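Visitor: Mind looking at a prediction? Sequence and model below.
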Amino acid sequence: MAETIVDQLNRPMRDLRISVIDKCNFRCTYCMPKEIFGDDYTFMSQDQLLSFDEIIKLVEVFARFGVEKIRLTGGEPLMRKDLHLLIERLHNIKGIKDIAVTTNAIFLVKQAKKLKEAGLDRVNISLDAIEDEVFQQTNGRGIKTSPVLKGIEAAREAGLKIKVNMVVKKGMNENQILPMAEYFKGTGDTLRFIEFMDVGNHNGWKMNEVISKKDIVNIIDTSMPIEPADPSYFGEVASKYHYKDGSGEIGIISSVTDAFCSSCTRVRLSADGQLFTCLFASDGYDLRALLRSGPSVEELVSAVKEIWTGRRDQYSVDRAKGNPLPKKKIEMSYIGG
Ligand code: SAM
Ligand code: SF4
Ligand code: SF4
């Protein structure tokens, strides 16, 4: 039986997000703007990254505390060599029930089948527009939608469950809300809209560029009527809506206009082994240094316990209340969303 631990706001630890690499083949304007992440940008070296052995050692510790869901992210996680071998090992850890990957889907055509066979359950695919001209701008690399759509097709054929995530930002892609909803309605894939967030220090976030959950609901409801649906489980981040004609559902992740910190059960590990208890944190806990000092399992267990039980993060609530916020934040491409 796993031991449940709760933080200072009585939240259990349930989901672990692991960034496996900080590199990415895209330069999405809201995440890795190419002016900052240019050709001379220094990414992590191989020895800075946690090895698969190190990741497995940590996940075995997290599983003791009731973590059942693992999400692999990045950067672009499918750029981490032999990712399927990591998934195979994660799948064999007692207590781990669900493994997902968040990806821009470009490498899914090559990898979907292998990942599914290794034990991957789900993919969250990021796609911010269905029209090429808009998508080519948002991904910062001029890449058209067809390789992503082919990646989605490959995931479907492999039998992976699919969610499609679209970040919505005013002036960038709000004209794609309806076309995206129309495209995915009735496919069985859930489309989720994500409010543009003030993650990191470089994406020039402004409150007036956020298209709120309320606005997104109105835009869709006017042409394709929807109604709110109950969450599937405690801590689900997306508010769900069903199409009234029974042709599926959409989700909206409203971390700016409707914070959900009170049910936040997520803990995040960066590719270089720093543990973060909030997406908007300034500093992490250096588990790589601890791991590389040759600790006993008990030492790892007590370090993780101490970090989680001391947690008080509720950045989005603080933002909404106008409370003071940290000046420096970790980058999204570093922690992986
Ligand atoms: N490269 C992979 C991908 O894009 O799916 C995984 C990493 S990416 C950082 C994870 C998610 O964070 C993506 O769905 C992306 O759209 C989202 N994201 C990045 N920056 C964001 C921002 N400023 N606001 C909201 N979502 C953001
Ligand atoms: Fe890369 Fe994902 Fe960030 Fe886009 S959102 S730049 S695909 S890490
Ligand atoms: Fe969780 Fe931090 Fe996001 Fe709140 S702001 S939901 S605590 S990650």
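Guide: Arrived safely, thanks for sending. Residues are numbered from 1 along each chain as shown. Ligands and ions are numbered 1, 2, ... in the order given.
Visitor: For the rest of this, base every contact and every neighbour count on C-alpha atoms.
Guide: OK.
Visitor: hmm, who's touching stretch 229-248?
Guide: 185-188, 190, 192, 224-228, 249-254, 260, 263-265 (CA atoms under 8 Å, 6 or more residues apart in numbering).
Visitor: The same query, at a cut-off of 7 Å, please.
Guide: In this structure, residues lying in contact with stretch 229-248 by CA atoms under 7 Å, 6 or more residues apart in numbering are 185-186, 188, 225-228, 249-253, 263-265.
Visitor: Just the CA atoms of that stretch, as PDB, please.
Guide: Only the C-alpha atoms of stretch 229-248 are listed here, as PDB (Å, rounded to 0.1, in the frame of the first residue of the first chain):
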ATOM      1  CA  ALA A 229     -19.800  18.200 -17.700                       C
ATOM      2  CA  ASP A 230     -18.600  16.800 -14.400                       C
ATOM      3  CA  PRO A 231     -14.800  16.300 -13.900                       C
ATOM      4  CA  SER A 232     -13.700  12.700 -14.400                       C
ATOM      5  CA  TYR A 233     -11.500  12.600 -11.300                       C
ATOM      6  CA  PHE A 234     -10.200  14.800  -8.500                       C
ATOM      7  CA  GLY A 235      -7.500  17.200  -9.700                       C
ATOM      8  CA  GLU A 236      -8.500  17.100 -13.400                       C
ATOM      9  CA  VAL A 237      -7.100  20.400 -14.800                       C
ATOM     10  CA  ALA A 238      -9.500  20.900 -17.700                       C
ATOM     11  CA  SER A 239     -13.100  22.000 -17.300                       C
ATOM     12  CA  LYS A 240     -15.100  19.700 -19.500                       C
ATOM     13  CA  TYR A 241     -18.000  20.500 -21.800                       C
ATOM     14  CA  HIS A 242     -20.100  18.100 -23.900                       C
ATOM     15  CA  TYR A 243     -21.500  19.000 -27.300                       C
ATOM     16  CA  LYS A 244     -25.200  18.900 -26.900                       C
ATOM     17  CA  ASP A 245     -25.600  16.800 -30.000                       C
ATOM     18  CA  GLY A 246     -23.600  14.000 -28.400                       C
ATOM     19  CA  SER A 247     -20.600  14.300 -30.700                       C
ATOM     20  CA  GLY A 248     -18.000  14.400 -28.000                       C
END
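Visitor: going forward, begin numbering at 44 instead of 1
Guide: With the count now opening at 44, the last piece we talked about shows up as stretch 272-291.
Visitor: what distance separates that stretch from the middle of the whole chain?
Guide: In this view, stretch 272-291 has its centroid 18 Å away from the chain centroid, taken as CA atoms, centre = their mean, to the nearest Å.
Visitor: Only the buried residues of that stretch, if you could.
Guide: Neighbour counts over stretch 272-291 (16 or more other CA atoms under 10 Å) mark 278, 280-286, 291 as buried.
Visitor: Same list, those, but as CSV with secondary structure please.
Guide: Output for those, formatted as CSV (DSSP: H, G, I helix; E, B strand; the rest coil):
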residue, secondary structure
Gly278, coil
Val280, coil
Ala281, coil
Ser282, strand
Lys283, strand
Tyr284, strand
His285, strand
Tyr286, strand
Gly291, coil
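Visitor: Those residues of the stretch 244-380 of the chain touching ligand 1, which are they?
Guide: Neighbours of ligand 1 within the stretch 244-380 of the chain, by CA under 6 Å from any ligand atom: 375-376, 379-380.
Visitor: can you narrow those to ones near ligand 2?
Guide: Ser376.
Visitor: Just flag the most distant two among the residues of the stretch 244-380 of the chain next to ligand 1.
Guide: Using CA to CA, those span at most 7.7 Å, a distance reached by Ser376 and Gly380.
Visitor: neighbour-wise, which of the two wins?
Guide: Ser376 (23 against 20; other CA atoms under 10 Å).
Visitor: Now do the more buried one against Thr146, distance only.
Guide: Separation of Ser376 from Thr146 (CA to CA, to the nearest Å): 12 Å.
Visitor: Alright, calling it a day.
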